[in-house]
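Chemist: just coords:
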């Protein structure tokens, strides 16, 4: 397996941080594990040769491939279930009964391979019941990884990903594809809009959002990048809107105006 020297490591880490906000300074072993065999397979003998190629690729394709290889996209249905209970019991009733709107403006930022937004879409359908047809209930689901988004759009998952989901929901919203996989049904697929988005870019929402899920994404960011992003989220939300982050994350080191609601849940 190809090893990376200090100069090559700093060049790679700086590029990823400056362009995508991802901090890999403590991920040397991960870098070598993800790229150590890949780079020689392309015919390059050193990381320097590969970086000359990747960073100067005018199409940007190899830079996307590089980023996809260095970011982890592991998730499953109903991960950190307390958030989904909060969405079902607090957020949806707030949108329905207090805002009196039939326009759902929920953003799943860093949606990875899609298990999170599909779960949100499922809970929305369960809450709305027969009234779902009268709602604009499309959930915006974005990620930086084209590879993860391709999986999400396909909507095909191993049955092991459903161990935390009630069997009646699996039966209602998923179709057995083969002995080992379930496929998302058409009703659920139509509830999501998948887009590629770099969270460092400027946000351009037509209307303020009601809720943002950004869970287990900011663990990749350094302090200043995280602080900037948190305040961009604040500005993107409507008054009373919610931000949900991962259980292993906190805003304690950030300067922000959010109100603490419960662990990993904040309100504007």
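Modeler: Looks like it came in fine. Every value quoted in this text rests on a predicted model; they were computed, and no experiment measured them.

Chemist: which parts of the stretch 101-250 of the chain are helices?
Modeler: Listed in chain order, the helices found in the stretch 101-250 of the chain under DSSP state H, counting those that start in this stretch are 115-128, 146-154, 167-173, 186-189, 223-236.

Chemist: pull out the buried positions in the fourth one.
Modeler: When you say that, I think you mean helix 186-189. Across helix 186-189, burial judged by 16 or more other Cβ atoms under 10 Å covers 188-189. The way it works is simple: take the backbone N, C-alpha and C, and place the C-beta from them, glycine included.

Chemist: run the chain-centre distance for it.
Modeler: How far helix 186-189 lies from its chain's middle: 19 Å, per Cα atoms, centre = their mean, to the nearest Å.

Chemist: for it, give the mean pLDDT please.
Modeler: Averaged over helix 186-189, pLDDT sits at 94.

Chemist: now stretch 97-114
Modeler: Confidence for stretch 97-114, expressed as mean pLDDT, is 94.

Chemist: for stretch 223-238, same thing?
Modeler: Across stretch 223-238, pLDDT averages out at 95.

Chemist: how about that stretch: buried residues?
Modeler: For stretch 223-238, by 16+ other Cβ under 10 Å, it's 225-227, 229-230, 232-234, 236-237.

Chemist: on that earlier part again, quick one, which of the helices of the stretch 101-250 of the chain gets closest to residue 250.
Modeler: Ranking the helices of the stretch 101-250 of the chain by proximity to residue 250 (Cβ to Cβ) places helix 223-236 first, at 10.1 Å.

Chemist: who are the packing partners of the closest one?
Modeler: In terms of contacts (3 or more Cβ pairs under 8 Å, 6 or more residues apart in numbering; DSSP states H and E), helix 223-236 is packed against strand 209-214, strand 237-245.

Chemist: hmm, 7 Å instead?
Modeler: If you count contacts as 3 or more Cβ pairs under 7 Å, 6 or more residues apart in numbering; DSSP states H and E, helix 223-236 packs onto strand 209-214.

Chemist: ok, residues contacting the strand it packs on?
Modeler: Under the contact criterion Cβ atoms under 7 Å, 6 or more residues apart in numbering, strand 209-214 has outside partners 91, 95, 105-110, 116, 233, 236-238, 241-245.

Chemist: thanks a lot, catch you later.
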